[in-house]
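Participant: Sequence first, then the predicted structure:
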Amino acid sequence: MGSITLNSVSKVFGAHTVIPSIDLKIDEGEFVVFVGPSGCGKSTLLRLIAGLEDVSGGKIVIDGKDATELPPAKRRLSMVFQSYALYPHMSVRSNIAFPLKMAGEDTSVIDKKVADAARVLNLTDYLDRKPRQLSGGQRQRVAIGRAIVRQPVAFLFDEPLSNLDAALRVNMRLEISQLHQQLKTTMVYVTHDQVEAMTMADKIVVLNRGNVEQVGSPLDLYHRPDNLFVAGFIGSPK
Ligand code: ADP
Ligand code: MG
C-alpha cells in the first residue's frame, strides 16, 4: 500500500509552466523528501499528488490505480501543512476526531482511533486542552494526529516544521522519523532545508525550476551529485 507513480506529470498556471514534465516512482513505505529552493514547485507537486490541483498533463498512479481524476477525498492520502489549521474552539480530542466525525464513524471507533493516535504522538495527557494551551510542537502533533486517524496509504507533509523554532524543529524531525518507523506508511515530505532532507529521507528528490535534478539516497547525493546544482544545494548545509 502507498506506492505513488508520476508519469510525465506537468502543471501550467496560465502562461507559467511550473512543472514541465516529471516522472517519479515512490515505493510503498518509503520516506521521500522533495527538496529545492523556494518557488521550484515542491508544494505544487505535492498538491498535484494530493489532488488539490489538477494536472495539466500526465498521469498519477496510487497503489497501482489511476488516480489522476480522483478527488482528494478518494485518494486516501493525508496532508499536513506548515500552518496547523487546528480549530481553536475545539479540544485536542475533537480536533483529532474531526475527520472521523465527518466520515460518519461510530463514536466507539472514533474514541479508539483517537486514543491510539494520541498514544503514538504522546498527546494522551493533552486531549482535553484547547490548541492555545499547547506548545508549537504539540500543536503540530495534533495536526499529525488528525492525519493519522484517517489511516491514509500515504502522508504528505508540506514544510510542517517551518513555523517552529530551531530546537523544536530538531525534536519534531526525530518524532516524524520515529513515526515513520512505527507506522511504516509511505511519507512524502517537502522542505527547502537540506539538513531535514539529509537526516530524514530514504530517498531525496532534488527539484529545480519544476524539474527533477536527481533522485537518490542522501549518501548518493552527497557523494555522487549529478551536477553542480545538486552539489551546491546538498553540499552546503545552512
Ligand atoms: P515551492 O513550494 O517550491 O516554494 P510552489 O510550488 O509554491 O513552490 O510554486 C512554484 C511556482 O508556481 C511559483 O512560481 C509560484 O508562484 C507558482 N504558483 C504556485 N501556485 C500557483 C497558482 N495557484 N497560480 C499561479 N502560480 C502559482
Ligand atoms: Mg512550498
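Facilitator: Noted; the coordinates are in hand. Ligands and ions are numbered 1, 2, ... in the order given.

Participant: Does anything pack onto the lengthiest helix in the chain? Which helices or strands?
Facilitator: As assigned by DSSP state H, the longest helix anywhere in the chain is helix 166-183. On a contact count with 3 or more C-beta pairs under 8 Å, 6 or more residues apart in numbering; DSSP states H and E, helix 166-183 meets helix 107-120, helix 136-148, strand 186-191, helix 194-200. Heads up, the C-betas are built off the backbone N, CA and C, glycines and all.

Participant: Tell me which helix or strand comes right after the second one.
Facilitator: Read that as helix 136-148. On the C-terminal side of helix 136-148, the nearest following helix or strand under DSSP states H and E is strand 154-158.

Participant: Just give the strands next to that next one in its sheet, each with its orientation.
Facilitator: Sheet pairing of strand 154-158 (DSSP bridges) gives strand 77-80 (parallel), strand 186-191 (parallel).

Participant: hey, which of those is tucked in deepest?
Facilitator: Of all the strands paired with strand 154-158, strand 186-191 has the most neighbours on average by mean count of other C-beta atoms under 10 Å, namely a mean of 26.

Participant: Could you list the residues of the protein in contact with ligand 1?
Facilitator: Where the chain comes near ligand 1, counting by C-beta under 6 Å from any ligand atom, the residues are 13, 16, 18, 36, 38-44.

Participant: Kindly indicate which of these lies nearest Leu127.
Facilitator: Of all the residues of the chain next to ligand 1, Ser43 has the smallest distance to Leu127: 31.1 Å, by C-beta to C-beta.

Participant: Give me the phi and psi for that closest one.
Facilitator: Torsion angles at Ser43 (phi, psi; degrees, to the nearest 10) stand at phi -60, psi -40.

Participant: please begin residue numbering at 33 from this point
Facilitator: Got it, first residue is 33 now, which makes that one Ser75.

Participant: what about it, neighbour count?
Facilitator: Residues lying near Ser75 (other C-beta atoms under 10 Å) number 19.

Participant: wait, what's in contact with it?
Facilitator: By C-beta atoms under 8 Å, 6 or more residues apart in numbering, the contact list for Ser75 reads 190-191, 222.

Participant: how about 10 Å then?
Facilitator: Residues in contact with Ser75 (C-beta atoms under 10 Å, 6 or more residues apart in numbering) are 50, 66, 84-85, 113-114, 190-191, 222.

Participant: can you check Ala82 too?
Facilitator: Ala82 makes contacts with 92, 104, 107, 109-111, 186, 188, 190, 220, as judged by C-beta under 10 Å, 6+ apart.

Participant: Brilliant, that's me finished.
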